[in-house]
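Novice: Got a predicted structure here, sequence first:
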Amino acid sequence: LGALRTSAERSHAVLDALAGPEGTFLPWVTSAGAAGGASPEAVERAKTLARRLEPSIVPLVRHPDVAVRTKAITILARSRSDAAIDAVVAAAEDQSESVARVALASLGARPSQNAVSAVTRILVKNENWAMRILAAEALGRLGAAGAPGPAIKGLTEAARH
(Lines give C-alpha, C1' and ligand atoms only; values in the text may rest on other atoms or scores of the structure.)
Protein backbone atom coordinates (compact mmCIF):
# COMPACT_ATOMS: atom_id res chain seq x y z
CA LEU A 1 0.00 0.00 0.00
CA GLY A 2 2.84 2.35 0.82
CA ALA A 3 4.48 1.76 -2.55
CA LEU A 4 1.24 2.49 -4.41
CA ARG A 5 0.90 5.79 -2.60
CA THR A 6 4.46 7.15 -2.67
CA SER A 7 5.88 7.34 -6.18
CA ALA A 8 5.34 6.34 -9.78
CA GLU A 9 8.40 4.09 -9.68
CA ARG A 10 7.20 2.20 -6.63
CA SER A 11 3.66 2.02 -8.05
CA HIS A 12 5.14 0.50 -11.23
CA ALA A 13 6.80 -2.23 -9.17
CA VAL A 14 3.57 -3.24 -7.45
CA LEU A 15 1.47 -2.97 -10.62
CA ASP A 16 4.02 -5.02 -12.58
CA ALA A 17 3.83 -7.75 -9.95
CA LEU A 18 0.04 -7.84 -10.21
CA ALA A 19 -0.21 -7.41 -13.97
CA GLY A 20 0.93 -10.88 -15.00
CA PRO A 21 -1.50 -13.44 -16.33
CA GLU A 22 -4.43 -13.94 -14.00
CA GLY A 23 -3.46 -16.26 -11.20
CA THR A 24 0.17 -15.17 -11.08
CA PHE A 25 1.52 -12.84 -8.48
CA LEU A 26 5.18 -12.57 -9.39
CA PRO A 27 7.57 -12.27 -7.71
CA TRP A 28 5.63 -13.66 -4.74
CA VAL A 29 3.90 -16.80 -5.95
CA THR A 30 2.33 -18.21 -9.06
CA SER A 31 -0.35 -20.82 -9.53
CA ALA A 32 1.72 -22.25 -12.39
CA GLY A 33 4.47 -23.17 -9.95
CA ALA A 34 7.19 -21.05 -11.58
CA ALA A 35 8.07 -19.61 -8.16
CA GLY A 36 9.11 -22.92 -6.69
CA GLY A 37 5.84 -24.83 -6.78
CA ALA A 38 3.65 -22.53 -4.71
CA SER A 39 0.96 -24.28 -2.73
CA PRO A 40 -2.72 -23.59 -3.43
CA GLU A 41 -2.89 -21.96 0.00
CA ALA A 42 -0.07 -19.55 -0.88
CA VAL A 43 -1.77 -18.67 -4.15
CA GLU A 44 -5.05 -18.03 -2.33
CA ARG A 45 -3.29 -15.79 0.22
CA ALA A 46 -1.71 -13.82 -2.63
CA LYS A 47 -5.11 -13.41 -4.30
CA THR A 48 -6.57 -12.16 -1.03
CA LEU A 49 -3.75 -9.64 -0.65
CA ALA A 50 -4.22 -8.49 -4.25
CA ARG A 51 -7.94 -7.93 -3.62
CA ARG A 52 -7.03 -5.83 -0.58
CA LEU A 53 -4.82 -3.65 -2.78
CA GLU A 54 -7.59 -2.99 -5.31
CA PRO A 55 -9.11 0.06 -3.57
CA SER A 56 -5.65 1.67 -3.71
CA ILE A 57 -5.28 0.85 -7.41
CA VAL A 58 -8.61 2.43 -8.46
CA PRO A 59 -7.37 6.05 -8.04
CA LEU A 60 -4.31 5.25 -10.17
CA VAL A 61 -6.44 5.43 -13.33
CA ARG A 62 -6.12 9.21 -12.87
CA HIS A 63 -2.37 9.17 -12.13
CA PRO A 64 -0.31 11.73 -14.12
CA ASP A 65 1.93 8.95 -15.50
CA VAL A 66 0.29 7.32 -18.54
CA ALA A 67 2.10 4.02 -17.91
CA VAL A 68 0.76 3.84 -14.35
CA ARG A 69 -2.77 4.55 -15.60
CA THR A 70 -2.47 1.87 -18.27
CA LYS A 71 -1.19 -0.79 -15.86
CA ALA A 72 -3.89 0.05 -13.33
CA ILE A 73 -6.57 -0.34 -16.00
CA THR A 74 -5.21 -3.73 -17.05
CA ILE A 75 -5.40 -4.99 -13.47
CA LEU A 76 -8.78 -3.45 -12.65
CA ALA A 77 -10.37 -4.83 -15.82
CA ARG A 78 -10.09 -8.34 -14.32
CA SER A 79 -11.97 -7.32 -11.19
CA ARG A 80 -15.61 -7.97 -10.42
CA SER A 81 -16.03 -4.91 -8.18
CA ASP A 82 -18.22 -2.02 -9.30
CA ALA A 83 -15.54 0.53 -8.33
CA ALA A 84 -12.94 -1.19 -10.51
CA ILE A 85 -15.27 -1.47 -13.52
CA ASP A 86 -16.36 2.16 -13.12
CA ALA A 87 -12.70 3.24 -13.08
CA VAL A 88 -12.04 1.35 -16.33
CA VAL A 89 -15.18 2.88 -17.87
CA ALA A 90 -14.01 6.37 -16.90
CA ALA A 91 -10.59 5.63 -18.39
CA ALA A 92 -12.23 4.83 -21.73
CA GLU A 93 -12.75 8.57 -22.09
CA ASP A 94 -9.22 9.51 -20.95
CA GLN A 95 -7.51 12.39 -22.75
CA SER A 96 -4.62 10.10 -23.63
CA GLU A 97 -5.62 8.00 -26.61
CA SER A 98 -3.33 5.15 -25.56
CA VAL A 99 -4.99 4.98 -22.13
CA ALA A 100 -8.46 5.13 -23.68
CA ARG A 101 -7.52 2.36 -26.13
CA VAL A 102 -6.37 0.06 -23.31
CA ALA A 103 -9.57 0.77 -21.38
CA LEU A 104 -11.80 0.06 -24.39
CA ALA A 105 -9.91 -3.13 -25.16
CA SER A 106 -10.32 -4.19 -21.52
CA LEU A 107 -14.08 -3.68 -21.27
CA GLY A 108 -16.56 -6.44 -21.84
CA ALA A 109 -15.79 -9.27 -19.45
CA ARG A 110 -18.61 -8.11 -17.18
CA PRO A 111 -21.84 -6.43 -18.29
CA SER A 112 -22.26 -2.89 -17.03
CA GLN A 113 -24.85 -0.28 -17.95
CA ASN A 114 -22.30 2.46 -17.28
CA ALA A 115 -19.87 0.76 -19.65
CA VAL A 116 -22.50 0.41 -22.38
CA SER A 117 -23.43 4.10 -22.07
CA ALA A 118 -19.82 5.34 -22.14
CA VAL A 119 -18.81 3.06 -25.00
CA THR A 120 -21.89 4.03 -27.01
CA ARG A 121 -21.01 7.69 -26.49
CA ILE A 122 -17.51 7.03 -27.83
CA LEU A 123 -18.86 5.04 -30.76
CA VAL A 124 -21.31 7.79 -31.74
CA LYS A 125 -19.25 10.91 -31.04
CA ASN A 126 -15.55 10.13 -31.30
CA GLU A 127 -13.98 11.43 -34.49
CA ASN A 128 -11.21 8.82 -34.49
CA TRP A 129 -12.19 5.85 -36.64
CA ALA A 130 -9.91 3.44 -34.73
CA MET A 131 -11.49 4.45 -31.42
CA ARG A 132 -14.95 3.86 -32.85
CA ILE A 133 -13.90 0.37 -33.96
CA LEU A 134 -12.59 -0.40 -30.46
CA ALA A 135 -15.86 0.92 -29.03
CA ALA A 136 -17.92 -1.29 -31.37
CA GLU A 137 -15.84 -4.32 -30.36
CA ALA A 138 -16.30 -3.45 -26.68
CA LEU A 139 -20.07 -3.22 -27.18
CA GLY A 140 -20.01 -6.64 -28.79
CA ARG A 141 -18.16 -8.08 -25.78
CA LEU A 142 -20.52 -6.31 -23.36
CA GLY A 143 -23.49 -7.76 -25.21
CA ALA A 144 -22.02 -11.26 -25.13
CA ALA A 145 -21.26 -10.86 -21.41
CA GLY A 146 -24.92 -10.31 -20.57
CA ALA A 147 -26.06 -6.90 -21.78
CA PRO A 148 -27.29 -7.74 -25.30
CA GLY A 149 -30.25 -5.31 -25.40
CA PRO A 150 -28.35 -2.15 -24.44
CA ALA A 151 -25.35 -3.14 -26.59
CA ILE A 152 -27.55 -3.70 -29.66
CA LYS A 153 -29.28 -0.39 -29.00
CA GLY A 154 -25.86 1.35 -28.87
CA LEU A 155 -24.68 -0.28 -32.08
CA THR A 156 -27.97 0.61 -33.78
CA GLU A 157 -27.73 4.23 -32.65
CA ALA A 158 -24.17 4.44 -34.00
CA ALA A 159 -25.21 2.93 -37.34
CA ARG A 160 -27.96 5.50 -37.71
CA HIS A 161 -25.57 8.39 -37.12
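Specialist: It's in.
Novice: What is the neighbour count of the closest residue to residue 134 other than its chain neighbours?
Specialist: Excluding its sequence neighbours, the residue lying closest to residue 134 (Cβ to Cβ, 6 or more residues apart in numbering) is residue 104, at 4.1 Å. For the C-beta atoms, the positions are set from N, CA and C on the backbone; glycine is no exception. Residue 104: 33 surrounding residues under other Cβ atoms under 10 Å.
Novice: I'd assumed residue 104 was in a helix, is it?
Specialist: Yes. Assessed with DSSP: H, G, I helix; E, B strand; the rest coil, residue 104 lies in a helix.
Novice: For the residue nearest the centre of the chain, which non-adjacent residue is spatially closest?
Specialist: By Cα atoms, centre = their mean, the chain has its centre lying nearest to residue 77, at 2.6 Å. Once flanking residues are discounted, residue 77 sits nearest to residue 106: 3.4 Å by Cβ to Cβ, 6+ apart.
Novice: my guess is that neighbour contacts residue 72, does it?
Specialist: No. Using Cβ atoms under 8 Å, residue 106 is not in contact with residue 72, being 10.7 Å away.
Novice: I would like the residues contacting stretch 103-116, please.
Specialist: Stretch 103-116 is contacted by residues 73-74, 77-78, 80, 85-86, 88-89, 91-92, 94, 119, 122, 131, 134-135, 137-142, 144-147, 150-151, 154 when judged by Cβ atoms under 8 Å, 6 or more residues apart in numbering.
Novice: quick one: buried residues of it?
Specialist: Across stretch 103-116, burial judged by 16 or more other Cβ atoms under 10 Å covers 103, 104, 105, 106, 107, 108, 109, 110, 111, 112, 115, 116.
Novice: roughly how far out does it sit from the chain middle?
Specialist: Taking the mean of its C-alpha atoms, stretch 103-116 sits 9 Å from the chain's own mean (Cα atoms, centre = their mean, to the nearest Å).
Novice: From one end of that stretch to the other, what's the distance?
Specialist: End-to-end distance of stretch 103-116 (Cα to Cα, to the nearest Å): 13 Å.
Novice: Same question for stretch 118-132.
Specialist: 12 Å.
Novice: do stretch 104-119 as well
Specialist: 8 Å.
Novice: do stretch 105-121 as well
Specialist: Using Cα to Cα, the end-to-end distance of stretch 105-121 comes to 16 Å.
Novice: Much appreciated, bye for now.
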